[in-house]
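> I would like the atomic coordinates for the input below:
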Amino acid sequence: MTTSNDNTLVNLQEEYENRQIQEVLDELEADLVGLAPVKERIKEVAALLLVHRLRKQLGLTSANPNLHMSFTGSPGTGKTTGSQNGRYFI
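Residues are numbered from 1 along each chain as shown. All right, here's what the predicted structure looks like:
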């Protein structure tokens, strides 16, 4: 748990569960074979967006995250699946 200046407590684990982030990550894990760096990056983006939303809810300043990504590769390598799963976090 973290505390803001006005002593408002935020339970990150609870927020993580309420937003069903793990379910989306589990779907990603099931849909994509391999691609560990892509999966790790999507997890990082999910965490970044969760913290960004919570900061805004608490009235704290938070710059909008830059989420530009480019999925490249041969056909059948999971580009579309990865980008579609990533959209759930935005």
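
> Which residues belonging to the longest helix seen in the chain are considered buried?
In the chain, taking DSSP state H as the definition, the longest helix is helix 36-57. Of all the residues in helix 36-57, those buried under the rule 16 or more other Cβ atoms under 10 Å are 38-39, 42, 45-46, 49-51, 54. In this view, the C-beta of every residue, glycine as well, is placed from N, C-alpha and C.

> And the residue nearest the centre of the chain, how far from residue 71?
Central residue of the chain (Cα atoms, centre = their mean): residue 46, 0.9 Å from the mean position. Going from residue 46 to residue 71 by Cβ to Cβ, to the nearest Å gives 16 Å.

> Next: residue 20.
23 Å.

> Include distance to residue 76 and pLDDT when you put the buried residues of helix 36-57 into JSON lines, please.
Formatted as JSON lines, the buried residues of helix 36-57 follow (distance: Cβ to Cβ, whole Å; pLDDT from 0 to 100):
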{"residue": "38", "distance to residue 76": "14", "pLDDT": "79"}
{"residue": "39", "distance to residue 76": "17", "pLDDT": "82"}
{"residue": "42", "distance to residue 76": "19", "pLDDT": "82"}
{"residue": "45", "distance to residue 76": "23", "pLDDT": "86"}
{"residue": "46", "distance to residue 76": "25", "pLDDT": "86"}
{"residue": "49", "distance to residue 76": "28", "pLDDT": "88"}
{"residue": "50", "distance to residue 76": "31", "pLDDT": "89"}
{"residue": "51", "distance to residue 76": "34", "pLDDT": "89"}
{"residue": "54", "distance to residue 76": "37", "pLDDT": "90"}
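
> Take the residues you listed and write them to a markdown table, including distance to residue 14.
Below are the buried residues of helix 36-57 laid out as a markdown table (distance: Cβ to Cβ, whole Å):
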| residue | distance to residue 14 |
| --- | --- |
| 38 | 28 |
| 39 | 24 |
| 42 | 21 |
| 45 | 20 |
| 46 | 15 |
| 49 | 16 |
| 50 | 11 |
| 51 | 14 |
| 54 | 11 |
